[in-house]
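K.L.:
need coordinates for the below:
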Amino acid sequence: MATRLAAAGFTTVYCTPHCIRGLYETEPRQIRDLAKRLQDQVDGAGLSLQVLPGMEYYLDEYFFDRLEDPVTLGESDLLLFETPSSCDKYLLMEAIYAVGKIGLRPLLAHPERYPFLSPRFSKPGFFGSLFRPSQQHECSLPLIYHEILELGCLLQGNLGSLSGFYGPEVRDAALAIRRAGGYHCFGTDAHSPEQLEKILDKLTPGS
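P.N.:
The predicted model follows:
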């Protein structure tokens, strides 16, 4: 994967394994150690790629306890997290407040893939009462996006979403957020070399 990312022009990547109780429970110390070991291998292979540690925290009942020793993206103050598909606005707001309270900036992974945040573009008129006019962007975002952005939560787009890997509706949502200038950064969310190849192959210029 490192070879393919370097070939695609990436210069810095953050390794962000899932952090889910009972499923993925890698400790912070292990993540930092593994990222360092991977960097040594990348350097040994002569690749111009910086590998940094991170974690993608799952917003569940254990999320708040994990904030006692969080793994941010590299040396930054960004804490990457995702929500369950059944999440609601109030739990999301609580998480944003909690992360900000410890002096970190919350970074929400792939918001375009959450049903409670991504209305289906295929339904005409759905956005009628949700859009807020914006003078700064080409396209306005639903009000809930403005609320979480105003609270200091940043958004991480998913390259797989933009490439259509998760279907046309998710791609439409991702493109709308991108046009509105809502994304702070992008991630591949690739779990294997094969998946990464499919995602990168489907990306088109301007997408």
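K.L.:
going forward, measure contacts between C-alpha atoms and count neighbours the same way
P.N.:
Fine.
K.L.:
list the buried ones in whatever helix or strand Ile148 lives in?
P.N.:
Remark: Ile148 resides in helix 143-150, with elements defined by DSSP states H and E. Within helix 143-150, the residues that qualify as buried are 143-145, 148, counting by 16 or more other Cα atoms under 10 Å.
K.L.:
repeat that for stretch 76-92.
P.N.:
78-83, 87, 92.
K.L.:
same check on stretch 66-78?
P.N.:
Residues 70-74, 78 are the ones in stretch 66-78 that count as buried (16+ other Cα under 10 Å).
K.L.:
which members of those are the farthest-apart pair?
P.N.:
Pro70 and Gly74 (11.3 Å; Cα to Cα).
K.L.:
quick one, phi/psi of Leu175?
P.N.:
phi -70, psi -40 (degrees, to the nearest 10).
K.L.:
return the residues in contact with the closest residue to it other than its chain neighbours.
P.N.:
Among residues not flanking Leu175 along the chain, Leu162 sits closest, at 6.5 Å (Cα to Cα, 6 or more residues apart in numbering). When contacts are counted by Cα atoms under 8 Å, 6 or more residues apart in numbering, Leu162 touches 170-172, 174-175, 203, 207.
K.L.:
among those, name the buried ones.
P.N.:
So, by 16+ other Cα under 10 Å, the buried ones in those are 170-172, 174-175, 203.
K.L.:
turn those into CSV, columns for secondary structure.
P.N.:
As requested, the buried ones among the contacts of Leu162 are exported to CSV (DSSP: H, G, I helix; E, B strand; the rest coil):
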residue, secondary structure
Val170, helix
Arg171, helix
Asp172, helix
Ala174, helix
Leu175, helix
Leu203, coil
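K.L.:
tell me the one of these nearest Arg29?
P.N.:
Set against Arg29, the nearest of those by Cα to Cα is Ala174 (33.5 Å).
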